[in-house]
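Trainee: Let's see this in three dimensions:
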Amino acid sequence: MRRRLNVVALLVFVTAGPVDAQISSEGTVRGVVRDAGGGVLPGVTVTAVSPTVPGTHISVSESDGQYRLLNLPPGVFDVVAELADFTKYTRQGVEVRAGLNLTLDIVLTIGSVKESIIVSGDSPLLETQKPIQAVNIAGDFQRMLPLSTRRDLTDALEVTPGVTARNLIANNGTQTYMLRGTDVEQHVVQIDGADMVTSRQGRVEQVRLPTNAVADSQVKTGGADASAPAGLGVVFNVTTKVGTNRLSGTAGVHHQNRRWNADNDPLGVPAIAESSQVEASVGGPIRVDRAWFFASYFFLHRNSQISRTPTQLNNLRASIPGWQPFDNRSRHGTGFIKVNTQVRSRHQMHGFFLKPRGFEEANASTDSRRFNPSGTTGSGVAGRLYSAWTNTLTTTIGASFNTFGARTSLDAYKGLDYGGPRVLIYDSTNTSAGRLVGNGLIATTGNSQNFNVTPAKKLTVQADVSWFRPGWTGSHEFQTGVFIQPLMRLSSEANYLNGGFILEEVRLRVPGDPSSDYIPFHRQFVDPSQLVITTAKSNSQNYAAYVQDSWKPVPRLTLVAGIRFDRVVADDELFDVRTQSSLEIGPRAGAIYALTADSKNIVHGSFSRIAAKPEPLFLPSLGGSVTVTTTDTYDTRGDGSFATVLVTPAQTQVAANRRIDPDRHQEFTDEILLGYRRQLPGQISFDATFVRRAYKDMPAQIDVNGIYTGGVFRGYEDVSQNAILLQTNNVWNTPIYTGLEVVGSQRTRRSQFIVGYTRGFQHLDGTWQPNDPASFIQSTAFANNRGIGSIRGNENNSLSGTAQARNPMWIKHALRLAGSYNAPWGLTLSSNLNIFSGPYTGPIVRYLAAPDPQFGPAALVLSNGRTVSNPLATTVRFAYASRGEGQLQAPTLAQWNARVGRRFAFGNRRFEIALSLLNITNRDALQEFLGGDGVNTGSNQIGSPNFAYRPDGTFRGQNRQAARTAQLSLLFEF
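Mentor: As a prediction, the model looks like this:
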């Protein structure tokens, strides 16, 4: 009943006022029509026509002379204006981009409509209606740049200022992307306005679409208005190609031979690859002038050699006799088909079907065999109807559904059950709270612990209304709409292996000598009667509505104000408990002002409060998953006895040590943008922007059961429990990002380029969370302005040794240059250069020989006779006066790529042969600290075998950048 009320309330809110699509995959051209004397002209018919874009696009100027050509697909248009007793006006070569709002004013002269004035010149380039920060990457530009040998959809982000690109341990050539301090998820990814990212994580690299289907991409990195869906990362909006009245298509082959790779790690294993890719597309009419289709397909067959440092290679060979390196394999294809129809002159409809299938592997440098299947599978379908009911009232209605995910069935694990338990080999061990903990992971061998099957589903329904009203102290464009996601269902099924004996941890007999054999110190068993169990099942929902107004009080000034409401609901369907029901309120305000009448000098500013998407990492959990009874045995004496036995009972109900704050809500960022844009002659644009983001109310877990008096641990209030964690919001400290971005770009018939530089600063504002051990032990060390950790939050012990150790998103400098040139004689030239400063280790820590007794004994006996460990009896200490001081930085990552091609024309057919060279200088930077998925394991710990730098000053990292390689491409167009 409560869900129904939420939906009804939102629908009532929407219909209460007048209401452009939430995330428009099309662009607009608008302006004012005047006569030669400067008077406004109402009733002028303005039409946009293009040989590459189907359909009819017409507007009529209003009483104040304003016209609006909306819903224009990317392409080059002629804008034609006609009015009786005036000469026909044609402006040629106006290029429309995805999501971009252009201003083009028109002047008509008195004369016969049979006469015509044709105007050419620089096409307008600058966003003039919204104070957003965005970059457009044309599909032909992306395909021409040698950004990667994988040719992924997300390669466009490699040239997007503000975005950090890293290869995080996947070892298969894929990149992960982060925006100004966000983590790898929380991105909004839409194809033709439809949400096509899995409900598990908003990771852009998991979205599959053939790049030959891309017409244009717009990447919004700031200033999103109220119509933008919740999400702290980029808004990546891809507009796909459409068929026309002429049949056309492409076919291509891209090949990378293993022998074409250089070697940038002669003592280890370099990251090299071999791949073959085929692609094809075709588009044309279903019914001339009424319906069109476009279809594309892409298949990748790739073997990626896993990068291993000399130390990792020697460790694996010494500890596992007969071991040999192996590749990560990628075998996947993606099909896409789209239909566009002109239902009537004012109604356009489109729909598409997207189908990725196949598999991919993401084994790590320390994996001795294939453990980690990956790759996106599933299906996606979407449809949208755009209607221009009058010249001032438009609506958009759309829906989408997808089942995208990785490892969505047991088929993903075929051939990966090797028998026996998983075996983790460590250099040595440390004692922590009565347990032995491995130190310095050397290798992972044996088997998987379980095969985890994780299907996902997402349903989205959205509707938007736009109403333009001139004459109310200037003009207003009111927008309102709903964005409803009633189904974002996830589940996890664990299939335990080896009869329940799933894990054995071992240490080297002689630390530092992997050939010295090893000694088991920890074994883990699960109940053999419950080897297949559904461990999690949840559904989250988002019922959102927004309203906003773009007010133009004078021709050069646009003021934008809006507000967005997101009702976020999360249900744990295994425990039958609602874990969150919150209302996220996101006000937005901004202004954009043209300093000159030609709209080529613009200043803009905005404030936005943007909520996090309802994803599992950002939602509360009632103690994790349903579990089976688990038994851990430890050989703490080193005599092989495994006398320490700890039994964790099966969890089939809500955990007693978990509580949820009823006022818990989504994390959000308060973002401020201030910028200046200028269009220069020659189709050149320049943009300089100041950005500040504060990530507030991160997820937090606070111990509310511990008793701390005078900085000493005294036990627990509820003696039947240890720490009781209250899941709430972190109101005590806030990560702050401040940055300056400078971008220049050009797009002409022959050349395109983009150059961007980002200078970022970060710090942690506030103080310690309550009962954080560091607040008692080293209370003055809070300050941190380097590696400040992930905005995922939920860290309640800053002295764990690994707190704030995930920092790939926090970098100081990023420089990007990319360009292409269609030279004479059919030559095509392109190149790109990326230089990123390295991430930080996080706070440097050291270990004491023994816990400090001033914070209490290592163990206490409670009033019920139960013995518990003291959270303050830790030997971990910050090594410096503050957490920011002394942090170490990974090496700078730099890569230069280039491509040269030759096109041959045969009538309306064209053939191209091209050669791409990547990492021309064969640089060999290690991209990560030792660990996995961006988390440092010992790199920040003095004395650890994984410490970031050796005594001789050389970096101790992993995941070396791919060696120099070449790729040959053969392309055909008709």
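Trainee: elements contacting the one helix or strand G756 maps to?
Mentor: Taking DSSP states H and E as the definition, one finds G756 inside strand 751-766. Strand 751-766 sits against strand 133-138, strand 733-747, strand 813-822, with contacts defined as 3 or more CB pairs under 8 Å, 6 or more residues apart in numbering; DSSP states H and E. Bear in mind the C-beta positions are built from the backbone N, C-alpha and C, glycine included.
Trainee: Show me how the chain divides into domains.
Mentor: Domain assignment for the chain, taken from automatic domain parsing, gives 133-240, 248-968.
Trainee: Return the most buried member of those.
Mentor: Of all the domains of the chain, domain 133-240 carries the top mean neighbour count, a mean of 25, counting by mean count of other CB atoms under 10 Å.
Trainee: Quick one: low-confidence residue ranges for this structure.
Mentor: Along the chain, the model assigns pLDDT under 70 to residues 1-25, 113-114, 168-170, 432-434, 623-626, 652, 932-936.
Trainee: Now Y708: which helix or strand?
Mentor: Element membership of Y708 [criterion: DSSP H and E] is strand 706-709.
Trainee: give the contact list for the nearest residue to V159 once chain neighbours are set aside.
Mentor: Closest residue to V159 apart from its sequence neighbours, by CB to CB, 6 or more residues apart in numbering: A818 at 4.5 Å. Residues in contact with A818 (CB atoms under 8 Å, 6 or more residues apart in numbering) are L145, L147, E158, V159, F753, I754, V755, S830, S831, N832, L833.
Trainee: swap in G181?
Mentor: Counted by CB under 8 Å, 6+ apart, G181 has contacts R693, Y695, P735, Y737, Q762, I791, M809, W810.
Trainee: Next, it: phi, psi?
Mentor: Backbone torsions of G181, given as degrees, to the nearest 10, read phi 100, psi -10.
Trainee: Could you find the closest non-adjacent residue to it?
Mentor: Leaving aside its sequence neighbours, G181 sits nearest to Y737 (CB to CB, 6+ apart; 4.3 Å).
Trainee: The strand holding G756 pairs with which strands, parallel or anti?
Mentor: Strands adjacent to strand 751-766 in the sheet, as given by DSSP bridges, are strand 733-747 (antiparallel), strand 813-822 (antiparallel).
Trainee: Report the angle between that strand and strand 133-138.
Mentor: Put simply, strand 751-766 runs at 150 degrees to strand 133-138, going by axes from the mean of the first three to the mean of the last three CA atoms, to 10 degrees.
Trainee: Now do strand 751-766: distance to the chain's middle.
Mentor: Chain-centre distance of strand 751-766: 16 Å, with CA atoms, centre = their mean, to the nearest Å.
Trainee: Quick check: what element follows it along the chain?
Mentor: helix 773-777.
Trainee: hey, C-alpha coordinates of that following helix in CSV?
Mentor: Extracted in CSV, the C-alpha atoms of helix 773-777 (Å, rounded to 0.1, in the frame of the first residue of the first chain):
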residue,chain,number,x,y,z
PRO,A,773,39.8,3.8,17.7
ALA,A,774,41.9,6.5,16.1
SER,A,775,39.9,9.1,18.0
PHE,A,776,41.2,7.8,21.3
ILE,A,777,44.7,6.6,20.3
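Trainee: Is F575 in contact with Q653, as I believe?
Mentor: Yes. Applying CB atoms under 8 Å, one finds F575 in contact with Q653, separated by 6.8 Å.
Trainee: Where do the strands of the stretch 751-900 of the chain begin and end?
Mentor: For the stretch 751-900 of the chain, the strands defined by DSSP state E, counting those that start in this stretch occupy 751-766, 813-822, 827-836, 845-847, 859-861, 867-869, 876-878, 893-906.
Trainee: looking at those, which is closest to T309?
Mentor: Across these, T309 has its closest neighbour in strand 893-906 (15.9 Å, CB to CB).
Trainee: now for the helix or strand following the closest one, which elements pack on it?
Mentor: Using DSSP H and E, the helix or strand that follows strand 893-906 towards the C-terminus is strand 909-918. Strand 909-918 sits against strand 893-906, strand 965-973, with contacts defined as 3+ CB pairs under 8 Å, 6+ apart.
Trainee: re earlier: tell me which of the helices and strands packed on strand 751-766 lies nearest to G37.
Mentor: Proximity to G37 (CB to CB) singles out strand 733-747 among these, at 34.6 Å.
Trainee: how far is that closest one from where the chain is centred?
Mentor: With CA atoms, centre = their mean, you get 17 Å for strand 733-747.
Trainee: if we can go back for a sec, would you format the helices and strands packed on strand 751-766 as CSV with distance to G474 included?
Mentor: What follows is those, written out as CSV (distance: least, CB to CB, whole Å):
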stretch, distance to G474
strand 133-138, 25
strand 733-747, 30
strand 813-822, 39
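Trainee: For L490, which of the ones you listed is the nearest?
Mentor: Nearest of those (CB to CB): strand 733-747, 26.8 Å.
Trainee: Only C-alpha atoms, please: export that closest one in PDB.
Mentor: Extracted as PDB, the C-alpha positions of strand 733-747 are listed here (Å, rounded to 0.1, in the frame of the first residue of the first chain):
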ATOM      1  CA  ASN A 733      33.500  14.200   8.000                       C
ATOM      2  CA  THR A 734      33.200  15.100   4.400                       C
ATOM      3  CA  PRO A 735      35.600  14.500   1.400                       C
ATOM      4  CA  ILE A 736      36.000  17.700  -0.500                       C
ATOM      5  CA  TYR A 737      37.200  17.900  -4.200                       C
ATOM      6  CA  THR A 738      38.300  21.300  -5.600                       C
ATOM      7  CA  GLY A 739      39.500  21.500  -9.200                       C
ATOM      8  CA  LEU A 740      40.200  23.700 -12.200                       C
ATOM      9  CA  GLU A 741      39.600  22.400 -15.700                       C
ATOM     10  CA  VAL A 742      40.700  24.000 -19.000                       C
ATOM     11  CA  VAL A 743      39.400  22.500 -22.300                       C
ATOM     12  CA  GLY A 744      40.000  23.500 -25.900                       C
ATOM     13  CA  SER A 745      38.400  21.800 -28.900                       C
ATOM     14  CA  GLN A 746      37.900  22.200 -32.600                       C
ATOM     15  CA  ARG A 747      35.700  20.400 -35.100                       C
END
